[in-house]
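>>> Requesting a structural model of the entry that follows:
(chains A and B)
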Amino acid sequence: MFLAWNEIKKNKLRFILITGVLMLVSYLVFFLSGLATGLQDMNRESVDKWNATAIILTAESDKSLYQSSMTLDDAESVKAKEIAVIAQMSAIAGNGDKKKNVTIFGIKEDEFIMPSVTEGNVFSEVGEVIASDALIEEGFKVGDKLQLSSTEETLTIVGFTDDARFNAAPVLYSDLNTFDKVKYGESADVNKNNINGVVIKTDDLKNATENDALEVVETETFIRNLPGYTEQNLTLNFMIYFLFVISAVIVAIFLYVLTVQKISMFGIMKAQGISNVYLSKSVIAQTFILATIGVAIGFVLTLITGTFLPSAVPVSFDFPTMLIYGVVLILVAIAGAVFSVLTIVKIDPLKAIGG
Amino acid sequence: MAILELNKVKKSFGTGHKQVDALKETDFLAERGELIAIIGPSGSGKSTFLTIVGGLLSPSTGEVIINKENLSSLNEKKRSKIRLKEIGFILQASNLIPFLTVEKQLKLLDKVKKGNMTKAELEQLYKDLGISDLRDKYPSDLSGGERQRAAIAKALYSNPSIILADEPTASLDSDRAYEVMELLKNETKNKNTTTIVVTHDTRLVGYCDKVYNMTDGILTLKSKE
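As a prediction, this is how the structure comes out:
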């Protein structure tokens, strides 16, 4: 640490450059991780809010809630500690001023996926809905009459709830009667038994249903199969992992160039009997200092940037994930320093001092 | 008592008809408290001799014994430890680390080795070398002579048994060169160390107890105390 810190103090500009590059890489990594988390939340937060073990869909639906179609009678055959039926459709909802893609969930008020209200009231009459509070930022408010793209029916927002987006669209929660009227119009009575799935809490997934036409899909599997969810995560994670490799390569190149410039100095120290271990530890310590400073500044910069971003940017910072990525960045930087360590070990003190 | 002993040491480079004997079979003995000069022209084998004695180069044949430890039988790691413990180098090219002040050059040795000079001894050394005011300066702020004196301080600070000096006065004016030789002589006598100075400056031999001449790899004793 003695050599490492004194060299940094003497050659500030040189090391500010390396730290600056590491800071920019970590800034990008943290920001991408925030974007990945934000986009994940947009897709899954309403499902996470269920806190369910699994969802039962039709086997031929390919794990898609939208494609699954069953009846309330099917739901009655499900065995679980708690069950909640769900019907789902997508629509465009407008309040006369703004229009927004929404997902409508038809649910039963007395079942466990009924959301708690953060503003306003729960629905009590046909035509009333609880809306995702994401719509507040879009200019929607309690009392708004919503015109829907696919029906003449009008819905009224009576309350808002938090964490209620599904597949990137804000959710409108209604009871099944309202849902049937919106989806089926005049033939609502004929279709009043139709639902899309059954959300369950159970310790015995295997025996949740004996109906071969139905499939028990664990919550995480269901989320992974949401349209575009896995592809989007893979893309962003690939970018983050690639940035780890890039940061290792950048550090390796920088430190290698610095080490090559100092071969003679290292050689003299080795001639004086200073061990490879001490010199290697010094390079590793130097990398640790630079990477830690760079990552810390990148972290703070990311948080500052986050406060200035418009709400339309789906960024959500998950601190445990950021901490892990920060540690990984420091570790890959140290891995990049291994090249320099190998170079130091190979230095012949005799050649270095011109013997 | 012999601190350094070379028994039938020979160093050759290349093989067959391309073989060059840089150091022909040599026996050498250095006692504690001796200041020894090795003089000779460039390419005569002086540096080869010095690097073998310093454990930086392995001899082709023979053995090098420092303080009863046979260097020839040790691996680089162990030789490195011996260098740190027993030998102080004063190199022709300044052996200072560019990003450490003069004082920190010595502090570095405290980090890797115990038994270095006490504070009082160090103050006296600074004074003797005339570098008391330079302790907070970086090598780039020093003149050639100041750098060399700082390098000498670094070599002496670790209280080595043997000081190996390669042209230690090369960048000094005559007065300072004599002062440095006087200092090396005093250190050698007062601390009962052994100093071997490789030089082609024959004016310095007056300070030495023994003078060896190196010609074409052959080491011969020129004069005695």
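>>> what does the stretch 151-300 of chain A have sitting close to chain B?
Near chain B, the residues belonging to the stretch 151-300 of chain A are A:264, A:265, A:268, A:269, A:270, A:271, A:272, A:273, A:274, A:275, A:276, A:278 when assessed by C-beta under 8 Å from any C-beta of the partner chain. All C-beta spots, glycine's among them, are computed from the backbone N, C-alpha and C.
>>> Filter the residues you listed down to the ones in helices?
A:264, A:265, A:268, A:269, A:270, A:271, A:276, A:278 (DSSP state H).
>>> between the residues of the stretch 151-300 of chain A next to chain B, which is nearest residue B:14?
residue A:271 (23.9 Å; C-beta to C-beta).
>>> Find me the pLDDT at the closest one, would you?
At residue A:271, the pLDDT value in this model is 87.
>>> Same check on the one 3 residues further on?
Taken from the predicted model, the pLDDT recorded for residue A:274 is 90.
>>> same deal with residue A:352?
Confidence score, pLDDT, at residue A:352: 66.
>>> repeat for residue A:237
Reported pLDDT for residue A:237: 90.
>>> and the angle from whatever helix or strand it lives in to helix A:263-271?
Using DSSP states H and E, residue A:237 falls within helix A:229-261. With axes from the mean of the first three to the mean of the last three C-alpha atoms, to 10 degrees applied, the angle from helix A:229-261 to helix A:263-271 works out at 70 degrees.
>>> Show me which residues of helix A:229-261 are buried.
A:229, A:232-233, A:236, A:240, A:243-244, A:247-248, A:250-252, A:254-256, A:258-259 (16 or more other C-beta atoms under 10 Å in any protein chain shown).
>>> for it, packing partners?
Helix A:229-261 is packed against helix A:12-50, helix A:276-308, helix A:319-346, with contacts defined by 3 or more C-beta pairs under 8 Å, 6 or more residues apart in numbering or on different chains; DSSP states H and E.
>>> For chain B, give me the ranges with low pLDDT.
Where chain B drops to pLDDT under 70, the residues are B:1, B:92-94, B:223-225.
>>> Just the closest residue of it to chain A, please.
residue B:84 (2.7 Å; C-beta to the nearest C-beta).
>>> Look up phi and psi at that residue.
phi -60, psi -40 (degrees, to the nearest 10).
>>> If we ignore the residues flanking it in sequence, what's nearest it?
residue A:273 (2.7 Å; C-beta to C-beta, 6 or more residues apart in numbering or on different chains).
>>> Give me the neighbour count for that neighbour.
26 (other C-beta atoms under 10 Å in any protein chain shown).
>>> OK, contacts around it?
If you count contacts by C-beta atoms under 8 Å, 6 or more residues apart in numbering or on different chains, residue A:273 has them with B:80, B:81, B:82, B:83, B:84, B:85, B:87, B:112, B:113.
>>> if I pick the residue of chain B closest to chain A, what's in contact with it?
Counted by C-beta under 8 Å, 6+ apart, residue B:84 has contacts A:272, A:273, A:274, A:275, B:112, B:113, B:158.
>>> please redo it, this time with the cut-off set to 10 Å
Residues counted as contacts of residue B:84 (C-beta atoms under 10 Å, 6 or more residues apart in numbering or on different chains) are A:272, A:273, A:274, A:275, A:278, B:109, B:112, B:113, B:158, B:160.
>>> what's the neighbour count on the spatially closest residue to the first one that is not a sequence neighbour?
It stands for residue A:272. Leaving aside its sequence neighbours, residue A:272 sits nearest to residue B:89 (C-beta to C-beta, 6+ apart; 5.8 Å). By the measure other C-beta under 10 Å, the count of residues near residue B:89 is 24.
>>> Could you give the bridge partners of residue B:89?
Beta-bridge pairing for residue B:89 (DSSP bridges): residue B:164.
>>> for residue 8, what are its contacts?
You didn't say which chain, so I picked chain A. A:14, A:15, A:16, A:18, A:19, A:285, A:286, A:289, A:290, A:293, B:99.
>>> looking at chain B here, not the other one
Contacts of residue B:8 were listed using C-beta under 10 Å, 6+ apart, and they are B:25, B:26, B:27, B:59, B:61, B:62, B:63.
>>> Would you tell me which one of the contacts of residue B:84 comes nearest to residue B:147?
Ranked by distance to residue B:147 (C-beta to C-beta), those are led by residue A:272 at 15.9 Å.
>>> Settle this for me: residue A:240 is touching residue A:328, isn't it.
Yes - checked against C-beta atoms under 10 Å, the pair residue A:240 and residue A:328 is within contact range at 9.2 Å.
>>> And the residue of chain A closest to chain B?
residue A:273 (2.7 Å).
>>> follow-up on the earlier one: can I get the contacts of residue B:84 in a markdown table including distance to residue A:224?
Formatted as a markdown table, these follow (distance: C-beta to C-beta, whole Å):
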| residue | distance to residue A:224 |
| --- | --- |
| A:272 | 60 |
| A:273 | 59 |
| A:274 | 54 |
| A:275 | 52 |
| A:278 | 50 |
| B:109 | 60 |
| B:112 | 55 |
| B:113 | 59 |
| B:158 | 64 |
| B:160 | 68 |
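>>> Next, give me the two most distant ones among those.
A:278 and B:160 (18.2 Å).
>>> Settle it for me: which of these two has more neighbours?
The neighbour count for residue A:278 versus residue B:160, taken as other C-beta under 10 Å, is higher for residue B:160 (25 against 17).
>>> ok, how many other residues are close to the nearest residue to the more buried one once chain neighbours are set aside?
The shortest distance from residue B:160 to any non-neighbouring residue, by C-beta to C-beta, 6+ apart, is to residue B:88 (3.6 Å). Residues near residue B:88, counting by other C-beta under 10 Å, number 28.
>>> Thank you kindly, that will do.
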